[in-house]
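# From the sequence below, what's the structure:
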Amino acid sequence: MSSMQALDPSSDEGGGRTAELAQETEGKEVLRQIVLELQIHLAESLAEKEAALQEASDAQEVASKAQRVTKTLQADLAALHVAKAKGEVELEERVQSMTADLHSMADNLANAEDQLQNGCARLEGARVNAEELVSRISALQDESQIAQARILNANVQRDAAQESVALTKQALDAAQRDVDEGRLQREAAQTDCDRVHADLADLRNDCEATKAALLHAKTAAEAARADTGDARTRQQAAEVAEQVAAADKDRLHQRMQAMVQECMCPIRHSMFDEPVLVVDGHCYERQAIERWFIDNDTSPLTGLRLQSRAVLPNRTLAKLIGLLRSDDGDAGSEGSGNSSANPQEESPVAPGELWRAARSGNRTACLDMLRRGVPDINYQSLEPVLMQFHSPLHDRHQYEYVQLTVLHLAAVQGWADVCTAIFSASGFTHALALARNVSHTDCLVSVSAREIGYGKGLDVEDVLRHAGEAGALVPIQVRKFEYSLVDS
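Down below sits the predicted model:
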């Protein structure tokens, strides 16, 4: 039964192995019992034979008995031999059966090993496939990370491109605004040039009228000298004509001085040689503004940051300056033969001369120039001026200021009479002008003439207070600092 179970292919491998081991154990046990029984029978037969021989040798008298015993023994031996043969046959049959079972078990074991090897091979293939899948999944994850990084980079580039487009659009808008401002400034400059041309035409007409009046006065004087009867009347008419001509000449001189002042570079304080227009709407000498732009990006006049450092040539103003210079040459050639009776007209106040006199501390020269009349009375210099200020709660500090007017310089030096003369001067409008601190932007960025004149005497403070309140829309708050000039 156990052999049939061992050969049954429907049993599982674990049950087959157990049955085979049980059959092997049972077969070995049967063989061991048979061998033990044979050994016992042999041992007993040998003992009986020895006893018989001993008995035969001891007593012959019992020979018959021994013979009978021998025969019996022989018979027993024969039976034993038969039993032995029968046992050997049975044992052989059992061994053959067990061998066949063992061969069948070996075949089954080989088949099981083949199946196990096939399963191992399949398992190995599955493991290889799993590793390939893992590697593919890892590669896909790496590619996914790379794709995500590329997407992030693309998003960053897209954002940067959008920012660049926005900045480009802003730059284009700013450029368009600059172009519009430049067009408006050019139109304004053209309008100013047209106005200046009209003024020049009026000046030329005035010059012609003045020449005609002088000629008429000269003719009248000659006629008066010739006509003794109407000498007094003609002399009076000539005097009136001369007075009219002198008034026209003074008016013409003032207008010419104002026009010359408009043609002065605010940096060099001299007439333009190559005027250029900047985005702040003002004109400058090309070399002066280019030298200014090397270290600055602000307007020399307003102090505000400029959106562009581009300059445009102002050819209309250059032509106007050429006409002025030619007119000056003509006027000089015409007046070379006639000396003026007024010495002040022979030495007019040059642009910036009053400011330089105040800066150097020449009070008398300032009063003299103010009595003669100063065309650039509102002039604000870009030259740095070192000043010191202090208060009871602060130490003394020194800073450089620009855009100071003559009123600032007169106030800081305590010149009440000069301040009064400046306020009385024709065309003065810069009572509230501010000087800018260019040394330390965190402290007192701008300062007025009234603040600079604090502590310089009641007369100076009174002049500056009344004049400042007359020109201000709101009361002026004065910071209690005392200023003084520092010799450069």
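# The chain: helices as residue ranges?
2-7, 13-58, 63-226, 231-262, 286-295, 315-335, 343-346, 353-360, 363-372, 406-412, 416-424, 449-452, 458-471 (DSSP state H).
# Which among these is found nearest to Ser439?
helix 286-295 (14.3 Å; CB to CB). (Glycine included, C-beta is placed from N, CA and C.)
# just the helices of the chain: most buried one?
Of the helices of the chain, the one with the most neighbours on average (mean count of other CB atoms under 10 Å) is helix 406-412, at a mean of 29.
# Can you pull out the residues in contact with that helix?
If you take CB atoms under 8 Å, 6 or more residues apart in numbering as the criterion, helix 406-412 is touched by 354-355, 358-359, 366, 377, 379, 385, 387, 418-419, 422-423, 430-431, 433, 435, 449-450, 452-453, 456, 460, 464, 483-485.
# Send over it as CSV, restricted to the C-alpha atoms.
Extracted in CSV, the C-alpha atoms of helix 406-412 (Å, rounded to 0.1, in the frame of the first residue of the first chain):
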residue,chain,number,x,y,z
VAL,A,406,23.8,135.6,-4.7
LEU,A,407,21.1,135.9,-2.0
HIS,A,408,22.5,132.8,-0.3
LEU,A,409,26.0,134.2,-0.3
ALA,A,410,24.9,137.6,0.9
ALA,A,411,22.8,136.1,3.7
VAL,A,412,25.5,133.8,5.0
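# circling back to that earlier point, export the helices of the chain to a markdown table and append columns for mean pLDDT.
Formatted as a markdown table, those follow (pLDDT from 0 to 100):
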| stretch | mean pLDDT |
| --- | --- |
| helix 2-7 | 45 |
| helix 13-58 | 80 |
| helix 63-226 | 78 |
| helix 231-262 | 72 |
| helix 286-295 | 90 |
| helix 315-335 | 67 |
| helix 343-346 | 40 |
| helix 353-360 | 91 |
| helix 363-372 | 90 |
| helix 406-412 | 90 |
| helix 416-424 | 88 |
| helix 449-452 | 83 |
| helix 458-471 | 68 |
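# right, and these - which one's nearest Val279?
helix 63-226 (6.2 Å).
# The closest one versus helix 13-58: what angle between them?
150 degrees (axes from the mean of the first three to the mean of the last three CA atoms, to 10 degrees).
# got the angle between helix 63-226 and helix 231-262?
Going by the same axes, to 10 degrees, helix 63-226 makes 170 degrees with helix 231-262.
# and the gap between Ser57 and Ser64?
Ser57 sits 15 Å away from Ser64, going by CB to CB, to the nearest Å.
# Gln257 touches Ala350, doesn't it?
No - using CB atoms under 8 Å, Gln257 makes no contact with Ala350, being 10.2 Å away.
# Wait, Met271 touches Gln261, no?
No - in this structure, Met271 is not within contact of Gln261 by CB under 8 Å, at 9.7 Å.
# wait, which of the helices of the chain is closest to Leu306?
Closest among the helices of the chain, using CB to CB: helix 286-295, at 8.6 Å.
# Which neighbouring elements make contact with the closest one?
Here helix 286-295 touches strand 275-277, going by 3 or more CB pairs under 8 Å, 6 or more residues apart in numbering; DSSP states H and E.
# Cool, thanks, talk later.
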